[in-house]
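Chemist: Below is the structure, and that's it, no one-letter string:
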């Protein structure tokens, strides 16, 4: 089935550790996005990529890093520099056109222990 | 600047009541697109509707309807005869190079 797969669904991280969240899509979409969701704050954009080997910072990129080596993959690394990483993370993709909707993965809930 | 405002944080209604979710947007673009998404408890956002800035016709899909008014920069969403399964967080979004989401409205339908 076509879609976006995020893994893992739940992730626990010790303070000071880096952790990588996976996002894979088989929709042949050019653009991919990472959002962070906290209660009462909606979705905030971390990074986005409109083409392979290129990406841009969103509104809250500090403490995060991404790569886009393949069209179908857009992993997000939460580094130890991110002071408050506990949140729900959503990955999305769409065709690189303004009028197209984004398709979302099921999300990864990251908890720092 | 691009911005989407959903002033209603939480709404509770009794089953079978009608409910309207408000969305107000800001943009300097003359061509833009607006979206509504539903986020059930499972977490995945589900696309509901897309509307472009040149099409102000209201749209109805079953119990759902959308009212787009450019004059007031609003794109409101009405659920008629609400059901428990409508309980979710609903997001309005504006499209440019990226999506600009509102903070969402949490709807609870009480049986």
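Modeler: Nice, I can see it. For clarity, every value in this text was computed on a predicted model and none was experimentally measured. Residues are numbered from 1 along each chain as shown, chains lettered A, B, ... in the order given.
Chemist: can we go C-alpha only for contacts and neighbour counts from here?
Modeler: Noted.
Chemist: Would you pull up the residue in chain A closest to chain B?
Modeler: residue A:42 (3.8 Å; Cα to the nearest Cα).
Chemist: I'd say that residue and residue B:103 touch.
Modeler: Yes. The pair residue A:42 / residue B:103 is scored as a contact, 3.8 Å apart, by Cα atoms under 8 Å.
Chemist: Which residues are in contact with each of the two?
Modeler: Shared contacts of residue A:42 and residue B:103 (Cα atoms under 8 Å, 6 or more residues apart in numbering or on different chains): residue B:91.
Chemist: These two: who's more crowded?
Modeler: Each of residue A:42 and residue B:103 has its neighbours counted (other Cα atoms under 10 Å in any protein chain shown); residue B:103 has more, 25 against 20.
Chemist: I figured the more buried one was touching residue A:40, is that so?
Modeler: Yes. If you go by Cα under 8 Å, residue B:103 and residue A:40 touch, sitting 6.5 Å apart.
Chemist: Quick check: neighbours shared by these two?
Modeler: Common neighbours of residue B:103 and residue A:40 are listed as residue B:9 (criterion: Cα under 8 Å, 6+ apart).
Chemist: Run through the residues that contact the residue of chain A closest to chain B.
Modeler: Contacts for residue A:42 were tallied using Cα under 8 Å, 6+ apart; they are B:91, B:101, B:102, B:103, B:104.
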